[in-house]
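# How does the following fold in three dimensions:
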Amino acid sequence: MKILFGSYSAISVLGGGIKVQMTNLAYHLQKFGYEIEIFKPTQDYNLKEFDLFHLFGAHLGTYHFGRAMHSLGMKMVVTPIFFSKRNPIQLYWLTKLAKGLRHFGGIWTEHLFTQELCAMAKIVTPNTEKEALLLTKGLKVNKEKIKILPNGVDEKFYNANPELFIQDYKLRDFILYVGHIGWRRKNLLALIKALARIDRKAVFIGPVLETDYAKILLAEIKKNKNIILIPNLPPNSPLLASAYAACDVFVLPSYYETPGLAALEAGLAGAKIVITKYGGTCEYFADYAEYIEPRSIQSIKNGIIKALNKKKDKTLAEHIKNNFLWEKASQRLVEIYRLLTG
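A predicted model of the protein is given here:
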């Protein structure tokens, strides 16, 4: 079976969780006899060669791509990666209002792009039950289409060696953040302010964006001698896995995560996790993480201190290893594809 993967056009330069998900699923699906090709915008395609099209992300950035594939007759699976701070009832009425604005004034909202792409899909694969509820109750996506597809993580992080990072940076048992530095959704300004109240070294690893918010973050980081910024560490660097293993606590204080691949990687490497309570994170980290309210600096601080005071063990790592490796996610995706292809 041959399947075409696709997502938004900037994924090749921005990277991030969706790219990690696509590339890992593509790799592991080959073990089940599937041929996966990741869409390249300038390449010519004979779509008759493909059995399915799988779209990752359902939003403005993927809407025209998904609509084109649907119009050309491709069977489509959509992994929406959707979150809203609204409850399902509020989301339903806001989307209903948005439809009226679109009809009379040509005004679109992000929710409408998600809703229409899910309507085009044969199967919709949210990665949590909470996302599924938002889709079915809030956006009225057909329940029969919904098949949960959990995110995954590479098993290599389970065996990560802390010594490489410790030797290079002379640090251990620090607080760690990994991700883009400059997106407001990641909520790093609140994290920096919380860290100012905690006497512990912290490391930020990730590309620094050219945004006004990033400039504010860099200025605040300079004020705190305990924060070390490492901006140019590749995602596949052995030092990244080593940093996860060398840290004491990993923090992801975002406004939401679905569920936060970096946190899964860190947890598999043995780090204690402090993470936002929004986006279905509890379905992955269960009772093994500290959940924080991202809009409260005090909550972030309290979560970190509580995690620092806990003994480090492998309980979370074993939970992730048993439930969320890419091999298991790929097996689930094979089951989903077979519903369409037999």
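
# what's around residue 160, how many residues?
Using other Cβ atoms under 10 Å, residue 160 is surrounded by 23 other residues. Heads up, the C-betas are built off the backbone N, CA and C, glycines and all.

# Then residue 235?
17.

# Distance of the nearest residue to it once chain neighbours are set aside relative to residue 191?
Nearest non-adjacent residue to residue 235, counting by Cβ to Cβ, 6 or more residues apart in numbering: residue 15, 6.5 Å away. Distance, residue 15 to residue 191, using Cβ to Cβ, to the nearest Å: 21 Å.

# between these two, who's got more neighbours?
Comparing residue 15 with residue 191 by other Cβ under 10 Å, the one with more neighbours is residue 191, at 28 against 15.

# ok so that one is a strand residue?
No: Residue 191: not assigned to a strand; according to DSSP: H, G, I helix; E, B strand; the rest coil it is helix.

# Which parts of the stretch 101-250 of the chain are helices?
All helices of the stretch 101-250 of the chain, identified by DSSP state H, counting those that start in this stretch, fall at 110-120, 129-133, 163-169, 188-195, 212-223, 238-246.

# Tell me which other helices or strands the fifth one touches.
To tie it back to what came earlier, the one meant is helix 212-223. Using 3 or more Cβ pairs under 8 Å, 6 or more residues apart in numbering; DSSP states H and E, the elements in contact with helix 212-223 are helix 188-195, strand 227-230.

# between the ones you listed, which gets nearest to residue 171?
Taking Cβ to Cβ, strand 227-230 is the member of the helices and strands packed on helix 212-223 nearest to residue 171, at 7.3 Å.

# For the closest one, list every residue counted as buried.
For strand 227-230, burial by neighbour count (16 or more other Cβ atoms under 10 Å) applies to 227, 229, 230.

# how about the first one, what does it touch?
When contacts are counted by Cβ atoms under 8 Å, 6 or more residues apart in numbering, residue 227 is found next to 192, 195, 201, 202, 203, 204, 221.

# give me every residue that touches residue 237.
Contacts of residue 237 by Cβ under 8 Å, 6+ apart: none found.

# 10 Å instead, please
164, 205, 230, 243 (Cβ atoms under 10 Å, 6 or more residues apart in numbering).

# Sketch out the strands for the stretch 51-200 of the chain, chain order is fine.
52-56, 76-79, 123-124, 175-178 (DSSP state E, counting those that start in this stretch).

# Kindly reformat these as TSV and extend each row with distance to residue 42, mean neighbour count and mean pLDDT.
Formatted as TSV, these follow (distance: least, Cβ to Cβ, whole Å; neighbours: other Cβ atoms under 10 Å; pLDDT from 0 to 100):
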stretch	distance to residue 42	mean neighbour count	mean pLDDT
strand 52-56	18	25	98
strand 76-79	22	26	98
strand 123-124	29	26	98
strand 175-178	32	25	98
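
# Farthest from the middle of this protein: give me that residue.
Most distant residue from the mean C-alpha position of the chain: residue 104, 35.1 Å away (Cα atoms, centre = their mean).

# separation between it and residue 98?
To residue 98, residue 104 is 11 Å away according to Cβ to Cβ.

# just residue 296 next, same as before
For residue 296, the distance to residue 98 equals 30 Å [Cβ to Cβ].

# Of these two, which one has the most company?
residue 98 (17 against 14).

# ok, that one - contacts?
Residue 98 makes contact with 107, 108, 109, 110, 111, 112, 115 under the criterion Cβ under 10 Å, 6+ apart.

# Tell me which two of those residues sit farthest apart.
Farthest pair in the contacts of residue 98 (Cβ to Cβ) is 107 and 115. Separation: 14.7 Å.

# and the closest residue to residue 6 other than its chain neighbours, how many neighbours does it have?
Nearest residue to residue 6, sequence neighbours excluded (Cβ to Cβ, 6+ apart): residue 39, at 3.8 Å. Per other Cβ under 10 Å, the neighbour tally for residue 39 reads 18.

# same check, this time on residue 247
Residue 247, neighbours per other Cβ under 10 Å, totals 29.

# And residue 218, by the same measure?
Neighbour number of residue 218 under other Cβ under 10 Å is 14.

# Quick check: it touching residue 224?
No: taking contacts as Cβ atoms under 10 Å, residue 218 lies outside contact range of residue 224: 11.4 Å.

# what touches both of the two?
Counting by Cβ under 10 Å, 6+ apart, residue 218 and residue 224 have no contacts in common.

# Was I right to think residue 122 contacts residue 339?
Yes: the criterion here is Cβ under 10 Å, and residue 122 meets it with residue 339 at 8.5 Å.

# Great, nothing more from me.
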